[in-house]
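A.B. asks: what's the 3D shape of this:
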Amino acid sequence: MVPKEDSTAEERVVTTACSWDCGSRCLLKVYLSGGRITRIETDERPMPSLKACPRGLSQREVVYAPDRLTRPLKRAGARGSGDFIPISWEEALKIVSEQLQRVKENYGPESVLLMDYSGSQGPLHGTNGRSARRFFSLFGGCTGVFGNTSQEAALFSSMATFGTLFTGNSRDNFLYSKLIILWGWNPLVTRFGPDTGFYLSQAKKRGAKIICIDPQFNPSGRRLADQWIQVKPSTDTALLLAMAYVLIAENLQDHRFLETYTVGFDQFKGHLLGKEDGIPKTPGWAEEITGVPRGVIVELARVYASLKPAALCAGWAPGRTAFGEQYHRAASVLSAMTGNIGVQGGYVSGGTGRMPVGTLKKFLPVPPRTMPLIHVADIYDALLKGKGGEYPSDIKILYIVGCNLLNQLLNINKGLKALQVPEFIVVHELFLTPTARYADLILPVTHFFEREDIGQPWGSMSSGFIPMNKVIEPRGQTKSDLAIFTDLAERLGISGYREKSDEEWLKEFLSASPGMPDYEIWKEKSFFEVEHPRPWVAFRKEIENPQENPFPTPSGKIEIYSQKLAEMKNPLIPPIPKYIEPWEGPRDPLVRKYPLQLISPHARGRSNSMFENIPKLKPLNDLRVVLNLQDARSRDIQDGDPVRVFNDRGQLITTAKVTDQIMPGVASLEAGAWYCPDEKGIDRGACINVLTKDAKSPGGAFPCNSCLVQVEIERNFTEFQGPLGAHGQDKIAIKAGKSLDSQD
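C.D. replies: All right, here's what the predicted structure looks like:
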């Protein structure tokens with residue numbers, strides 16, 4: 001459909017929304033003149049609204065970036081060299097289809113590992129389990145991946161405790177909270193919906209007490225919190241258990257709620273009192289583990305039990321640790337103990353935060369097919385060991401869609417070895433990312449401005465749906481992932497891949513979702529919000545009428561003691577939440593060699609690793625490693641000094657930021673900076689994953705925040721530009737002297 005015009009014939013505006021995994025889904029008003037984007041604005045309504053962040057407002061710079069890939073590229077040098085030659089789509093598709101057919105016939109389809117992830121989101125063009133998964137299901141299968149790098153611990157806990165992934169409240173609930181605890185949560189940076197910051201600010205103005213619990217006094221805490229409680233990374237579960245102990249010791253728990261709506265509290269209580277292991281989970285016990293003074297723990301528990309309704313917002317970051325699923329389970333139990341579930345102003349702590357009103361009921365369908373799966377933390381191990389390591393297959397083809405795998409998965413130096421194993425690597429990309437440099441073939445894909453889709457709320461955490469109108473024609477020779485797989489399906493004789501046009505699919509998705517308007521009406525709107533007459537509260541019906549509305553668990557109640565987990569008979573996945581000593585935590589013997597716990601918060605100017613190469617957004621990011629004054633002083637490090645951050649897995653050189661806004665024994669480095677090694681193999685791009693350990697938690701959590709390092713001053717520092725140049729724009733060698741967009 002032709003985008004509707006607004007204004008004069010010389011200038012028109014097209015509405016759309018970002019498709020990135022960015023923490024929100026916001027309205028973009030894209031102004032064009034002569035078929036070219038001139039500027040981008042956003043929702044002009046006062047808050048709460050769908051106002052975009054600087055990343056969304058910078059998409060003109062993304063779509064027109066000089067290093068945008070606009071032609072298929074074939075590797076011409078060693079993997080990782082960045083040496084490519086442009087080829088035609090005819091040749092590119094021929095190579096890919098022949099490689100897929102060769103491997104399928106000789107080794108079986110499971111010898112193809114598909115790594116499709118969340119680089120772009122949408123019910124039609126989403127890269128996370130849509131177009132690629134549909135193709136490979138029809139192809140005969142492949143080996144896929146599982147495990148959510150952001151929230152796997154929360155997903156695990158939500159299903160075990162509540163029997164559903166939908167545990168979220170609408171953000172206007174904060175207006176009714178008397179206490180809000182931001183536990184490992186920094187929504188002023190990570191967003192979690194366009195209206196979250198607004199409602200938190202309004203709650204504060206209305207008198208809500210806000211507490212920040214985090215190893216670092218993050219921007220949300222600095223702006224909103226009345227109190228900062230410092231907790232050592234990966235020990236949050238111990239703090240939660242000690243709070244629960246205080247509630248029991250002082251008889252502050254909500255007896256009626258526990259008796260009516262939960263099962264298993266007695267077993268949990270026994271564990272807290274030490275009946276199981278002889279160790280009561282007292283505030284004194286927790287102080288030694290967490291670093292939080294026992295008096296602070298007691299007061300925190302009392303405040304949470306008495307100042308109700310209360311919203312304990314358990315962020316995902318503490319769950320990205322070894323045994324991180326126990327943190328989410330413990331937070332959920334604590335919210336049940338205080339009766340803060342299913343009530344206005346409360347919060348289902350430890351859940352995913354998703355709402356059923358924030359999701360469509362139908363997406364691009366994927367035909368059912370049983371495929372072997374590998375956890376995202378095991379990908380490098382699976383590539384290196386294959387069947388010999390008891391993985392499903394020996395991988396011959398690695399097919400990557402919507403994922404900067406090398407940069408974002410754990411343990412880059414192991415990844416470098418693993419990426420030498422496949423016989424063929426193909427990557428769909430907009431830019432020459434660190435991962436794309438290791439491809440044998442790169443297929444250039446469209447930006448969301450260059451296709452149609454539906455902008456549904458990020459993470460199902462709000463209820464605003466935005467028409468993602470096509471803004472401009474695809475740059476150069478770029479194709480959508482859907483179009484690429486359509487071409488491959490035709491070459492391989494696969495029927496039924498693209499049965500309908502984009503518009504037909506989108507109409508079907510909307511019509512299948514109750515409460516959504518007719519497609520034509522929806523297209524004429526800038527956005528459509530699903531109305532709910534009062535704040536949406538997860539499990540309101542279950543709490544108000546439990547007989548008619550049981551929880552979707554085996555018991556029909558909130559499962560403090562999970563029968564499903566008990567049946568697993570795995571001591572590392574106990575049926576009640578427990579503190580299990582984490583690897584690379586503060587009491588790991590390895591601290592004698594690597595005494596600092598390294599955490600990796602999100603950056604303001606990146607969506608995970610996306611936009612690292614966009615000059616306009618780079619000032620919003622911080623490549624410095626943050627150190628406490630005490631830790632810096634003991635190492636003779638001053639603010640601004642070059643430093644080396646290292647452990648047995650790798651090392652990087654960056655600059656120190658010395659501050660009192662991070663606790664002693666902890667260092668912080670923003671996630672997502674692009675890996676950029678010097679001639680010695682030392683990373684100079686401040687990419688944290690040269691340091692992280694590629695291991696998954698027993699419940700599947702992605703433990704990037706369980707990482708011990710040492711930091712030393714770098715006395716032989718030299719400036720390094722590297723292949724990424726001053727602004728991160730890759731200086732790749734293109735044979736025949738042709739630029740990447742010479743045919744744009």
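
A.B. asks: Show me the protein divided up by domain.
C.D. replies: Per the record's domain assignment (automatic domain parsing), the chain is made up of the domains 153-351+539-568, 589-713.

A.B. asks: Columns mean pLDDT on top of those domains, output as CSV?
C.D. replies: Below are the domains of the chain laid out as CSV (pLDDT from 0 to 100):
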stretch, mean pLDDT
domain 153-351+539-568, 97
domain 589-713, 97
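
A.B. asks: what about Asp660, how many neighbours?
C.D. replies: Neighbour count of Asp660, defined by other C-beta atoms under 10 Å: 10. C-beta here means a position set from N, CA and C on the backbone, and glycine is covered the same way.

A.B. asks: Also the one 3 residues further on?
C.D. replies: Using other C-beta under 10 Å as the criterion, Met663 is surrounded by 22 other residues.

A.B. asks: Please apply the same query to Thr190.
C.D. replies: The local packing of Thr190 (other C-beta under 10 Å) involves 23 other residues.

A.B. asks: Mind checking the domains of the chain for the one nearest to Leu443?
C.D. replies: domain 589-713 (17.7 Å; C-beta to C-beta).

A.B. asks: Report the contact partners of Ala566.
C.D. replies: Pro575 (C-beta atoms under 8 Å, 6 or more residues apart in numbering).

A.B. asks: Could you do Tyr675 as well?
C.D. replies: By C-beta under 8 Å, 6+ apart, the contact set of Tyr675 is 406-407, 412, 434, 683, 685, 687, 689-690.

A.B. asks: Ile688 versus that one, what's the distance?
C.D. replies: Here Tyr675 is placed at a distance of 10 Å from Ile688 (C-beta to C-beta, to the nearest Å).

A.B. asks: Tell me which stretches of the stretch 251-400 of the chain form strands.
C.D. replies: If DSSP state E, counting those that start in this stretch is used as the criterion, the strands of the stretch 251-400 of the chain fall at 262-263, 310-314, 373-375, 397-401.

A.B. asks: Adjacent strands (with direction) for the second one?
C.D. replies: Same thing as strand 310-314. Take DSSP bridges as the rule and strand 310-314 pairs in its sheet with strand 179-183 (parallel).

A.B. asks: hmm, who's touching the strand it pairs with?
C.D. replies: Where contact means C-beta under 8 Å, 6+ apart, the residues beyond strand 179-183 that reach it are 174, 200, 203, 208-214, 220-221, 224-225, 236, 303-304, 307-308, 310-315, 318, 331, 349.

A.B. asks: coming back round to it: so which of the domains of the chain gets nearest Phe465?
C.D. replies: domain 153-351+539-568 (13.0 Å).

A.B. asks: neighbours around the nearest residue to Trp583 once chain neighbours are set aside, how many?
C.D. replies: In space, not counting the residues next to it along the chain, Trp583 is nearest to Ala322; the distance is 4.9 Å by C-beta to C-beta, 6 or more residues apart in numbering. A count of nearby residues for Ala322, using other C-beta under 10 Å, gives 24.

A.B. asks: Could you say which helix or strand holds the residue nearest the centre of the chain?
C.D. replies: Within the chain, one residue has its C-alpha closest to the average C-alpha position: by C-alpha atoms, centre = their mean, that is Ser150, at 3.6 Å. Of the helices and strands defined by DSSP states H and E, none includes Ser150.

A.B. asks: can you give me phi and psi for it?
C.D. replies: Here the main-chain torsion angles of Ser150 (degrees, to the nearest 10) amount to phi -90, psi -50.

A.B. asks: And the pLDDT at it?
C.D. replies: Each residue has a pLDDT score; the one for Ser150 is 91.

A.B. asks: what residues are up against Tyr245?
C.D. replies: For Tyr245, the contacting residues are 272-273, 280-283, by C-beta under 8 Å, 6+ apart.

A.B. asks: what about 10 Å?
C.D. replies: Shown in contact with Tyr245 (C-beta atoms under 10 Å, 6 or more residues apart in numbering): 269, 271-274, 280-283, 285-286, 297-298, 301.

A.B. asks: can you pull the contacts of Ala310?
C.D. replies: Contacts here follow C-beta under 10 Å, 6+ apart; on that basis Ala310 touches 177-181, 208-209, 211, 303-304, 335, 338-340, 343, 345-347, 349.

A.B. asks: Which neighbours do Tyr675 and Ile688 have in common?
C.D. replies: With contacts taken as C-beta under 10 Å, 6+ apart, Tyr675 and Ile688 have 407-408, 412, 650, 652 as neighbours in common.

A.B. asks: how about those residues in JSON lines, adding neighbour count?
C.D. replies: Output for the shared contacts of Tyr675 and Ile688, formatted as JSON lines (neighbours: other C-beta atoms under 10 Å):
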{"residue": "Asn407", "neighbour count": "25"}
{"residue": "Gln408", "neighbour count": "26"}
{"residue": "Ile412", "neighbour count": "25"}
{"residue": "Gly650", "neighbour count": "24"}
{"residue": "Leu652", "neighbour count": "27"}
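
A.B. asks: Out of those residues, the closest to Glu544 would be?
C.D. replies: Among the shared contacts of Tyr675 and Ile688, and counting by C-beta to C-beta, the member closest to Glu544 is Gln408, at 42.3 Å.

A.B. asks: May I ask you to name the longest strand in this structure?
C.D. replies: Secondary structure of the chain per DSSP state E: the longest strand is strand 651-659.

A.B. asks: helices or strands next to that one in the packing?
C.D. replies: With contacts taken as 3 or more C-beta pairs under 10 Å, 6 or more residues apart in numbering; DSSP states H and E, strand 651-659 sits against strand 625-628, helix 629-634, strand 642-646, strand 666-668, strand 708-713.

A.B. asks: Looking at those, spot the one closest to Ile95.
C.D. replies: Proximity to Ile95, assessed across these by C-beta to C-beta, is greatest for strand 642-646 (39.9 Å).

A.B. asks: Partner strands of the closest one, with direction?
C.D. replies: According to DSSP bridges, the neighbouring strands of strand 642-646, each with its direction, are strand 651-659 (antiparallel), strand 708-713 (antiparallel).

A.B. asks: Got phi/psi on Phe14?
C.D. replies: Just to correct that, residue 14 is Val rather than Phe. Main-chain torsions, Val14, degrees, to the nearest 10: phi -120, psi 130.

A.B. asks: what bridges to it?
C.D. replies: For Val14, the residues forming beta bridges with it (DSSP bridges) are Val30.

A.B. asks: Can you report how many residues neighbour it?
C.D. replies: Under the neighbour criterion other C-beta under 10 Å, Val14 is assigned a count of 22.

A.B. asks: just checking, it touches Gly35?
C.D. replies: No. The pair Val14 and Gly35 fails to qualify as a contact (C-beta atoms under 10 Å) at a distance of 11.4 Å.

A.B. asks: okay, and the common contacts of the two?
C.D. replies: Residues touching both Val14 and Gly35 by C-beta under 10 Å, 6+ apart: 471-472.

A.B. asks: what about the helices in the stretch 551-700 of the chain?
C.D. replies: Applying DSSP state H, counting those that start in this stretch to the stretch 551-700 of the chain gives helices spanning 563-568, 629-634.

A.B. asks: Could you export those to a markdown table, including columns for distance to Lys396?
C.D. replies: What follows is the helices of the stretch 551-700 of the chain, written out as a markdown table (distance: least, C-beta to C-beta, whole Å):
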| stretch | distance to Lys396 |
| --- | --- |
| helix 563-568 | 33 |
| helix 629-634 | 47 |
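
A.B. asks: Which among the ones you listed is found nearest to Val231?
C.D. replies: Across the helices of the stretch 551-700 of the chain, the minimum distance to Val231, taken as C-beta to C-beta, is reached by helix 629-634, at 16.7 Å.

A.B. asks: Where is the longest helix in this protein?
C.D. replies: Under DSSP state H, the helix in the chain containing the largest number of residues is helix 89-107.

A.B. asks: mean confidence score for it?
C.D. replies: Mean pLDDT, helix 89-107: 98.

A.B. asks: got it, and stretch 492-503?
C.D. replies: Across stretch 492-503, the average pLDDT comes to 94.

A.B. asks: Pull out the buried residues from that stretch.
C.D. replies: Within stretch 492-503, the residues that qualify as buried by neighbour count (16 or more other C-beta atoms under 10 Å) are 492, 494, 497-498, 502.

A.B. asks: Sweet, I'm off.
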